[in-house]
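In: what's the 3D shape of this:
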Amino acid sequence: MPAKISSRCHTPRGTDALNDSQINIEQLVREVLQSDVMLKGISQIVKKAIAPFEKRVDDLEIQLNRLQIAFDDLSTYNRRTNLRFYGIAESIGEDTNQLIIDTCAKIDIIINSEDISISHRIGKINNSMGQRPRAIIVRFVRYCTRQMILRNKKKLECGTSINEDLTKSNLSIFKYARSICVEKKCIYTSNGKVMYNDGKKRLELFSIQHAKGLIDDGRD
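Out: Down below sits the predicted model:
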């Protein structure tokens, strides 16, 4: 009677040895890759590879900052004859030019419509009761008219004020500097620029970071 052939599969001993060897190699590779020496080497290679890109990013940030300053300077110059009037009562069908003329007369500055290039309210109309009237922005024909009004603005009645027309960037700097400075009068604007004067030094504030550093140093 022929011998029965077993249906079981026998794994060759060589295959077991190969699997053990493969496991050992994988473990070895894992340990090598996780070693301090290897990690340090990889880190140095990566740092060396990205160094040129980091420098390029730094250079671009410097260029962008310079362009922002140049743009802000241009915008400031373009606003040199502008002023913003706050607290002037608002009504339907009003003539903002006449409102400005009347307001200036209250501080002994006599102007007429020919001194005003353009004027209008700024911001969305709000019909809610008790809301402050929207500001009026005015562009005067001559810079000297603007300056004359600014010099006399302290004569205004309580509730009405006149400020320079600042760029968005300078307005942010001004508000921040005033919020952290104990002596509010040290922070003011001049020709659209934000200034700091503590009695010892008079400087222009170029950024929020600049304002923070300067004012913090002044406290020490």
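In: Can you measure across stretch 133-153, start residue to end residue?
Out: Using Cα to Cα, to the nearest Å, the end-to-end distance of stretch 133-153 comes out at 19 Å.
In: my bad, stretch 119-139
Out: Note: stretch 119-139 ends 6 Å apart using Cα to Cα.
In: centre of the chain versus stretch 158-166, how much separation?
Out: 23 Å (Cα atoms, centre = their mean, to the nearest Å).
In: Please enumerate residues in contact with that stretch?
Out: Contacts of stretch 158-166 with the rest of the structure, by Cβ atoms under 8 Å, 6 or more residues apart in numbering, involve 76, 79, 82-88, 103, 137, 149-150, 153, 156, 174, 189, 191-192, 194. The C-beta positions use only the backbone N, C-alpha and C, and glycine is treated the same way.
In: how about stretch 162-170 as CSV, C-alpha atoms only?
Out: Taking Å, rounded to 0.1, in the frame of the first residue of the first chain, the C-alpha atoms of stretch 162-170 are listed here in CSV:
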residue,chain,number,x,y,z
ILE,A,162,-10.7,117.9,14.3
ASN,A,163,-8.0,115.4,13.4
GLU,A,164,-5.6,114.7,10.6
ASP,A,165,-6.6,112.2,8.0
LEU,A,166,-4.2,109.3,8.9
THR,A,167,-3.5,106.3,6.7
LYS,A,168,-4.8,103.0,8.1
SER,A,169,-1.3,102.0,9.1
ASN,A,170,-0.5,105.2,11.0
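In: what residues are up against the residue nearest to residue 146 when sequence neighbours are not counted?
Out: Spatial nearest neighbour of residue 146, excluding adjacent residues (Cβ to Cβ, 6 or more residues apart in numbering): residue 140 at 4.9 Å. If you count contacts by Cβ under 8 Å, 6+ apart, residue 140 has them with 81-83, 115-117, 146, 149.
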